[in-house]
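Engineer: got a predicted structure plus its sequence, pasted below:
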Amino acid sequence: MRKGILLLAGLLLCLAGCASRIAPTSSSGDDLIRYLPDEKALGDAGVQQKQARSSFAVKWITPLHVVAPCEGKQPWESALRTNTQATATAGELNVWQLAAAYEGYSGEQMVTVLDGALSCGANASSTTRFSIPGLADRQLGFCRRFREPRLSACVLVLARGDRLLAVRTDSTSAEAAALQAKLRQLAPTFVVAFDRD
């Protein structure tokens, strides 16, 4: 009887251990800070930090809002669990940075959601897509021009495990080609930070 109890206890411990190893990792706002480049890394890339990395509760300032919702649905709004954002400048260009984790969505699923949103309604006719060779895992790159306030923006979205990275360049004077070129130049700097484990 005692052997049976010990065997059962050992089996339960083994199952608990296995479950803990395969459970998805969660990211807090503080944890996400390390997935954005620090001031030195930005400076080395020719970018000047404007707002240091920190968490925000207000969702409308995230780079993902350059994507209008499909049929009024924007699931990442209520699903946002934690995020870290920062801003910088590169000459006349603004550079927004976001590392985020969403409840019920992996980073790759979020990229799929955004990809689908770009294909519907007004988004489809006003969006130009691009990709950057050599970046691992799922990525989504796109540029848009807005009538008001005559803003052009390009966004690169990357996925790693349970987290997502979005980097947006925007300007009221530069065209999409310049914004996209800057994103391509900065991509390696952001990938180095985002790949930290």
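Structural biologist: That came in fine, so what should we check first?
Engineer: what's the neighbour count on Ser40?
Structural biologist: For residue 40 the amino acid is Lys, not Ser. Other residues near Lys40 come to 9 when the count uses other CB atoms under 10 Å. For every residue, glycine as well, the C-beta is placed using N, CA and C.
Engineer: so for it, what's the pLDDT?
Structural biologist: pLDDT recorded at Lys40 is 92.
Engineer: what about it, which helix or strand?
Structural biologist: Counting by DSSP states H and E, the secondary-structure element that holds Lys40 is helix 39-44.
Engineer: check which helices and strands that helix sits against.
Structural biologist: Other helices and strands packing on helix 39-44, by 3 or more CB pairs under 8 Å, 6 or more residues apart in numbering; DSSP states H and E, are strand 48-54, helix 176-194.
Engineer: flag the shaky bits of this structure, pLDDT-wise.
Structural biologist: 1-30, 55-77, 122-123, 136-137, 147-149 (pLDDT under 70).
Engineer: the helix holding Lys40: which residues count as buried?
Structural biologist: Neighbour-count burial for helix 39-44, counted by 16 or more other CB atoms under 10 Å, picks out Leu42.
Engineer: minimum distance to Glu108: which of the helices and strands packed on helix 39-44 has it?
Structural biologist: Within the helices and strands packed on helix 39-44, the stretch nearest Glu108 is helix 176-194; the backing value is 13.6 Å (CB to CB).
Engineer: can you tell which of the helices and strands packed on helix 39-44 is closest to Ala88?
Structural biologist: Taking the helices and strands packed on helix 39-44 one by one with CB to CB, strand 48-54 is closest: 5.0 Å.
Engineer: on that earlier part again, dump the helix holding Lys40 to CSV, restricted to CA.
Structural biologist: This file holds the C-alpha atoms of helix 39-44, laid out as CSV (Å, rounded to 0.1, in the frame of the first residue of the first chain):
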residue,chain,number,x,y,z
GLU,A,39,19.8,54.2,-25.3
LYS,A,40,23.3,53.2,-26.2
ALA,A,41,22.1,50.6,-28.8
LEU,A,42,19.9,53.3,-30.3
GLY,A,43,22.7,55.8,-30.4
ASP,A,44,25.0,53.3,-32.1
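Engineer: give me the residues contacting that helix.
Structural biologist: Residues outside helix 39-44 that contact it (CB atoms under 8 Å, 6 or more residues apart in numbering): 48-49, 52, 88, 189, 192-193.
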